[in-house]
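Engineer: Turn this into a structure:
(one chain, ligands or ions: 1)
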Amino acid sequence: MVKQKTLYKLLASVSILFILYALIKNYIVDPEAAGFLNNKTGLKRELNLPVWLNVMYIHVAFACISMAAGLANFSTRLMEKSRILHRWNGYIYLISVLIVVLTSGYMAPYATGGKISSMGFNALNMIWPFITIVALVQIKKKRISKHRNWMIRSYAFCFTNLLIHLITALFHYGFGFVYATSYTIGVYGSLVLLLIIPTIIIRAFLDQSGKKAAVSS
Ligand code: HEM
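Structural biologist: Coordinates of the predicted model:
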């Protein structure tokens with residue numbers, strides 16, 4: 001239980017910091033995404049900048065909503081207070097995930113790193129909603145611990161952007177790779193890590209028998 005409380009506090013700190021970072025960076029510091037777009041070289045399709053930027057704003061807004069809604073729903077305190085709130089918040093999470101994936105579908109063909117990066121994003125566009133819908137199906141069947149585990153797997157994908165940028169920075173600044181190549185490695189590296197890390201967390205922090213029902217306090 002103590003381990004789960006610590007885990008939730010850690011998750012909450014990372015999520016809140018990342019939400020604040022994403023909002024400040026994309027709406028205040030660099031609303032034109034100039035820093036990011038400068039690294040796009042040799043695009044096969046012409047990018048319609050105003051449309052791309054508006055799609056990106058919607059993408060970031062719903063990404064932040066999904067992160068906040070998901071975080072709130074891992075709190076047992078909230079669930080104990082109101083099951084209805086948990087349920088509605090869950091639907092807000094689900095709809096946000098679908099909007100993030102839809103907007104991602106628009107941006108994917110223009111992805112930094114070209115076609116290989118686009119394919120990675122399209123894989124993410126299928127895997128994330130699939131995992132989220134499996135989580136929903138589990139709770140419809142009243143399998144609480146399975147629902148929790150699939151939601152942990154789903155929530156991990158809220159950190160896609162953070163992880164892509166961390167891996168890209170490591171390969172670009174750390175190992176001297178070209179930015180576009182580092183970004184492609186970032187897309188696939190995060191895809192793999194986001195599938196593996198939740199499994200490790202579930203095994204290490206949550207009981208094997210599947211009797212415990214929540215992550216937090
Ligand atoms: C949930 C947290 C997420 C946040 C905060 C977020 C944020 C962003 C931001 C700010 C950008 C603009 C470029 C940049 O600075 O990176 C972006 C681009 C993009 N995101 Fe997300 N994103 C998230 C999750 C996802 C997920 C899960 C997917 C795929 C299913 C995705 C797909 C894309 C695509 C395809 C682009 C365009 C990449 C490019 O042009 O190279 N994002 N995202």
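Engineer: C-alpha only now, for contacts and for neighbours.
Structural biologist: Noted.
Engineer: OK, contacts around the most centrally placed residue in the chain?
Structural biologist: Centroid check for the chain by CA atoms, centre = their mean gives residue 158 as the closest residue, at 1.5 Å. With contact set as CA atoms under 8 Å, 6 or more residues apart in numbering, residue 158 has these partners: 63, 66, 67.
Engineer: 10 Å instead?
Structural biologist: Shown in contact with residue 158 (CA atoms under 10 Å, 6 or more residues apart in numbering): 15, 18, 63, 64, 66, 67, 68, 70, 97, 100, 128, 194.
Engineer: next helix or strand past the lowest-mean-pLDDT helix or strand in the chain?
Structural biologist: One helix or strand of the chain scores below all others by mean pLDDT, DSSP states H and E: helix 76-81, with a mean of 87. The first helix or strand that comes after helix 76-81 along the chain, using DSSP states H and E, is helix 83-107.
Engineer: where does the residue nearest to the centre of the chain sit relative to residue 130, distance-wise?
Structural biologist: Residue 158 sits 14 Å away from residue 130, going by CA to CA, to the nearest Å.
Engineer: swap in residue 8?
Structural biologist: Taking CA to CA as the measure, residue 8 falls 24 Å from residue 130.
Engineer: Residues of this structure that sit close to the ligand?
Structural biologist: For the chain, the residues in contact with the ligand (CA under 6 Å from any ligand atom) are 22, 26, 36, 60, 63-64, 101, 104, 107-108, 110-112, 121, 124-125, 157-161.
Engineer: Can you list the residue ranges for helices in this protein?
Structural biologist: Taking DSSP state H, the helices of the chain run over residues 2-23, 34-37, 49-73, 76-81, 83-107, 115-140, 144-156, 160-169, 179-205.
Engineer: who does the least confident helix or strand of the chain touch, helix- and strand-wise?
Structural biologist: Counting contacts by 3 or more CA pairs under 10 Å, 6 or more residues apart in numbering; DSSP states H and E, helix 76-81 is packed against helix 49-73, helix 83-107.
Engineer: what about the last one, average pLDDT?
Structural biologist: To tie it back to what came earlier, the one meant is helix 83-107. Per-residue pLDDT values over helix 83-107 give a mean of 97.
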